[in-house]
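Student: Mind folding the following:
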Amino acid sequence: MTRTRWVAYGAAALALLAGGQARAQVPHPADSWEFALEAGYLAKIRNNSPFDYRIAPVNLAWRSPATRDLWQSPDGGRLVLRHRVALVTEAIMRGPEHHYVAFSAAPSLELWSADRRTAGFFEIGGGFGFTNSKDVSGGQGQDLAFNWYTQGGVRRQLDDDLALTTALYFTHHSNLGMTDPNPGIDVLGVNFGVVWSFR
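Tutor: Below is the predicted model:
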């Protein structure tokens, strides 16, 4: 084997070793702060109101780095707990109200594959906000309304700092019995997101 070929093999081995070390130094996606922009479409699923609600949510969400590792596999898989806080804006496409603006917070469970590229996630939480109630029978009885939501889906990393999410998303609105009747809103649909990590 010629000296030139030995040099080429040695350079290739060093490049692979350096690439592996650089990859090991990149933080795990679950260990970074991040923002997400999420949008979806939700349809009424329960007959607690005579109106056939259709809602288009847009959420600006913030997630903390992992606060706890609940499980780790020998090959690098992880189940982690994070915190999520979101500014919720909803366009009410069908119903007497027109919009809902709120805050929500929830723990977020994420199950990561060993290659750090794919994760399943589940969130359940709630908050409060304001709608433009119309004093219409079957509609919301007051502007103040509480929300409860849950979503479960899949996340895919495009690179170390950018990811896409797809989720099944449910939300419930209620004023906790402050008015009578208190019809509430229950809607279910899909939610898509773009996630940006920062360090």
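
Student: end-to-end on stretch 179-187?
Tutor: End-to-end distance for stretch 179-187, by CA to CA, to the nearest Å: 21 Å.

Student: Please read the previous query as pertaining to stretch 43-57.
Tutor: From its first residue to its last, stretch 43-57 covers 11 Å (CA to CA).

Student: For that stretch, buried residues please.
Tutor: 44, 48-49, 51, 53-55, 57 (16 or more other CB atoms under 10 Å). Every residue, glycine included, has its C-beta placed from N, CA and C.

Student: all strands for the protein, in order.
Tutor: Along the chain, the segments classed as strands by DSSP state E run 33-44, 54-63, 68-72, 78-94, 99-112, 118-131, 144-157, 162-174, 185-198.

Student: okay, among the buried residues of stretch 43-57, which ones form the most distant pair?
Tutor: Within the buried residues of stretch 43-57, 48 and 57 form the most distant pair, 18.8 Å apart (CB to CB).

Student: Where does pLDDT dip in this structure?
Tutor: For the chain, applying pLDDT under 70 flags the ranges 1-24.

Student: Please verify my assumption that residue 28 contacts residue 78.
Tutor: Yes. Using CB atoms under 8 Å, residue 28 is in contact with residue 78, at 7.2 Å.

Student: what do the two both touch?
Tutor: Common contacts of residue 28 and residue 78 (CB atoms under 8 Å, 6 or more residues apart in numbering): 66, 112.

Student: More neighbours: these two, which one.
Tutor: Higher neighbour count among residue 28 and residue 78: residue 78, with 20 against 14, using other CB atoms under 10 Å.

Student: Wait, the more buried one touches residue 30, no?
Tutor: Yes. With contacts counted by CB under 8 Å, residue 78 reaches residue 30, the gap being 6.5 Å.
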